[in-house]
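Asks: Need a 3D model of the sequence below.
(chains A, B, C and D)
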There are 2 protein chains.
Amino acid sequence: MKNSLTAPPIVTVDAVLLTIAGNELCVALHKREAAPFAGHWALPGGFIHTQEDDSAKAAAARVLRDKVDVQSPYLEEFGSYSGPVRDPRGWSLTLVYYALVPVVSARITLFPVNRLPNLPFDHGQIVSAVVERVRSKASYSSLPVHLCPEEFTIAQLHAAYELVLGERINMANFRRKLADLDLLEPVSGLLRSAGRSRPSQVYVVRKKYRDRLSVRDRGL
Amino acid sequence: MKNSLTAPPIVTVDAVLLTIAGNELCVALHKREAAPFAGHWALPGGFIHTQEDDSAKAAAARVLRDKVDVQSPYLEEFGSYSGPVRDPRGWSLTLVYYALVPVVSARITLFPVNRLPNLPFDHGQIVSAVVERVRSKASYSSLPVHLCPEEFTIAQLHAAYELVLGERINMANFRRKLADLDLLEPVSGLLRSAGRSRPSQVYVVRKKYRDRLSVRDRGL
DNA sequence: TCAATAGTGTCTATAAGACAATATGGT
DNA sequence: ACCATATTGTCTTATAGACACTATTGA
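Replies: This is a model prediction of the structure:
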């Protein structure tokens, strides 16, 4: 056992919380309280608490609850970042999770993903990679519904897709493909008026897709 | 710092090494030498050696080198498995990597993924999930080329795809889509005869795709 | 009734899948 | 010449994208 003396890595979880604010995709950052980089904006993260966390994912959910006040968001594992130099404390590994939520409490500080401050560790790189993954998944799945509130109109969802994908989507085709997804359930009798135009049907996500994605074979 | 006394998790990497043998997709297992489950077949894995490994991925590559004698395979991160009960030693987290190789040395023990023995920890579940991911990626990317040797014919690659996907693929359409991938480079002048039929062109993977996948928008 | 957005219908271009036809080296 | 497999061509059908049309409410 020649390596039994090797120091174990520092292991943390970090969360990339995404939401829409001011017509932009934004990420929630948290001002670090402890060293290293105390006082800097960074991804909310922390150590796994083996006494209370049932999994790494549960640890990420706890971090989001405690540090940015978010309850049970859509939460998925992204991947790991590791190595000897990314953390000044030594060899470290962080498991990155990403979360999507419709709204955040006013106390949370959001930054548009396209105009981030310099972030410590490799957090800037992590946010970019997560946004890229979210864009990619949006192109063939129901992922962006998690940026909409519980009840929403197709126009709202359409806007969320356009914002995430960064391009215009033809509404007629969007509706057709959305129907294929079998994702939405109309809230019977509930319409919503905006301005002086025809009101639109309000929908909710079908129960079976509350915690899973609905996926299409071919894009959008 | 109320949680400073929490024990840290046990952190390991495990590798799912896939290859084709006997016309089946197979996974390499390794007989565990140390407790727990000494003597049982399990995924090759181990601790990260912070003195020598530059990343978790490098640790997985080292494990494959040391335990199953495989050099520089196609290697990707799969995801993590964690929790208080999956390892009898306590709260543990393993980062799973998967690797694809064309051949393995005769000393390695392979098991068809459809007929595995009972595996310790959650390794059975991990193998299933990885195979599912590999199937899924095969359906829109060049992933299965890594199951072929350096030089190969289209018929060979076609067979690898059929084996991974578990279904017949029309050869004419396969060729057309393969051409779209811009993946292959013919080895000029090199043909290969098999039996008494027309010999086939031999190809290699273009340099740019040796370590990356080539991906198509729509399937296959 | 008009402005404005919701929602539907339809035409066209493109890619997928099936299948037939042709090519070629070994025997 | 002929067998077997490689490779190419083409026909049919499904889907994507563009765009025009109809529906419905509030002002």
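Asks: what comes up buried for the helix of greatest length in chain A?
Replies: What stands out as the longest helix in chain A, according to DSSP state H, is helix A:123-138. By neighbour count on 16 or more other CB atoms under 10 Å in any protein chain shown, the buried set for helix A:123-138 is A:His123, A:Ile126, A:Val127, A:Ala129, A:Val130, A:Val131, A:Arg133, A:Val134, A:Arg135, A:Lys137, A:Ala138. All C-beta atoms are positioned from the backbone trio N, CA, C, and that covers glycine.
Asks: quick one: which of those is nearest B:Ala56?
Replies: Of all those, A:Ile126 has the smallest distance to B:Ala56: 14.7 Å, by CB to CB.
Asks: returning to that earlier point: so is the longest helix of chain A next to DNA strand D?
Replies: No. Between helix A:123-138 and DNA strand D, judged by CB under 7 Å from any atom of the strand, nothing touches; the nearest distance is 13.4 Å.
Asks: what is the mean pLDDT for that helix?
Replies: The average pLDDT within helix A:123-138 is 97.
Asks: What is it packed up against?
Replies: Counting contacts by 3 or more CB pairs under 8 Å, 6 or more residues apart in numbering or on different chains; DSSP states H and E, helix A:123-138 is packed against strand A:10-21, strand A:24-31, strand A:74-83, strand A:92-100, helix A:154-165.
Asks: wait, which of the ones you listed is closest to B:Ala15?
Replies: Going by CB to CB, the one of the helices and strands packed on helix A:123-138 nearest B:Ala15 is strand A:74-83, 14.3 Å.
Asks: Now do the closest one: which elements does it pack against?
Replies: helix A:56-68, strand A:92-100, helix A:123-138, helix B:56-68, strand B:74-83.
Asks: try 7 Å this time
Replies: Packing contacts for strand A:74-83, counted by 3 or more CB pairs under 7 Å, 6 or more residues apart in numbering or on different chains; DSSP states H and E, involve helix A:56-68, strand A:92-100, helix A:123-138, strand B:74-83.
Asks: now that strand, how far from the centre of its chain.
Replies: The chain centre lies 11 Å from the centre of strand A:74-83; the measure is CA atoms, centre = their mean, to the nearest Å.
Asks: Next secondary structure element downstream of the helix or strand bottoming out on mean pLDDT in chain A?
Replies: Within chain A, no helix or strand scores below strand A:184-192, which has a mean of 88 by mean pLDDT, DSSP states H and E. Using DSSP states H and E, the helix or strand that directly follows strand A:184-192 along the chain is strand A:200-205.
Asks: circling back to that earlier point, same list, the helices and strands packed on strand A:74-83, but as CSV with distance to DNA strand C please.
Replies: Shown next, in CSV, are the helices and strands packed on strand A:74-83 (distance: least, CB to the nearest atom of the strand, whole Å):
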stretch, distance to DNA strand C
helix A:56-68, 31
strand A:92-100, 22
helix A:123-138, 18
strand B:74-83, 24
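Asks: need the helices and strands packed on helix A:123-138 in CSV with mean pLDDT, can you?
Replies: Output for the helices and strands packed on helix A:123-138, formatted as CSV (pLDDT from 0 to 100):
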stretch, mean pLDDT
strand A:10-21, 97
strand A:24-31, 97
strand A:74-83, 98
strand A:92-100, 98
helix A:154-165, 97
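Asks: quick one: which of these is nearest B:Pro9?
Replies: strand A:10-21 (6.4 Å).
Asks: Can you list the strands that that closest one pairs with?
Replies: strand A:24-31 (antiparallel), strand A:45-47 (antiparallel), strand A:92-100 (parallel) (DSSP bridges).
Asks: Other residues contacting the longest one?
Replies: What that stands for is strand A:92-100. Identification of contacts with strand A:92-100 by CB atoms under 7 Å, 6 or more residues apart in numbering or on different chains yields A:9-18, A:45, A:56-57, A:60, A:64, A:70, A:73-82, A:86, A:126, A:130, A:134, A:143, A:146-147, B:11, B:56, B:80.
Asks: Specify the angle between that strand and strand B:74-83 in degrees.
Replies: For strand A:92-100 against strand B:74-83, the angle by axes from the mean of the first three to the mean of the last three CA atoms, to 10 degrees is 80 degrees.
Asks: Mind listing what's buried along the very next helix or strand once past strand A:92-100?
Replies: Toward the C-terminus, strand A:92-100 is succeeded by strand A:109-112 as the next helix or strand (DSSP H and E). Residues of strand A:109-112 classed as buried: A:Leu110, A:Phe111 (neighbour count, 16+ other CB under 10 Å).
Asks: got it, and stretch A:55-72?
Replies: Applying a neighbour-count criterion of 16+ other CB under 10 Å, one finds A:55-64, A:67-68, A:70 buried in stretch A:55-72.
Asks: what's the most distant pair in the residues you listed?
Replies: A:Ser55 and A:Val68 (19.6 Å).
Asks: tell me the domain ranges of chain A?
Replies: Listed by automatic domain parsing, the domain ranges of chain A are A:10-123, A:143-209.
Asks: Number of residues surrounding the nearest residue to A:Tyr74 once chain neighbours are set aside?
Replies: Nearest residue to A:Tyr74 in three dimensions, chain neighbours excluded: A:His146, at 3.8 Å (CB to CB, 6 or more residues apart in numbering or on different chains). A:His146 has 22 neighbours, counted by other CB atoms under 10 Å in any protein chain shown.
Asks: Export the helices and strands packed on helix A:123-138 to TSV and append columns for distance to B:Val101.
Replies: Compiled in TSV, the helices and strands packed on helix A:123-138 are given as follows (distance: least, CB to CB, whole Å):
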stretch	distance to B:Val101
strand A:10-21	29
strand A:24-31	38
strand A:74-83	22
strand A:92-100	25
helix A:154-165	36
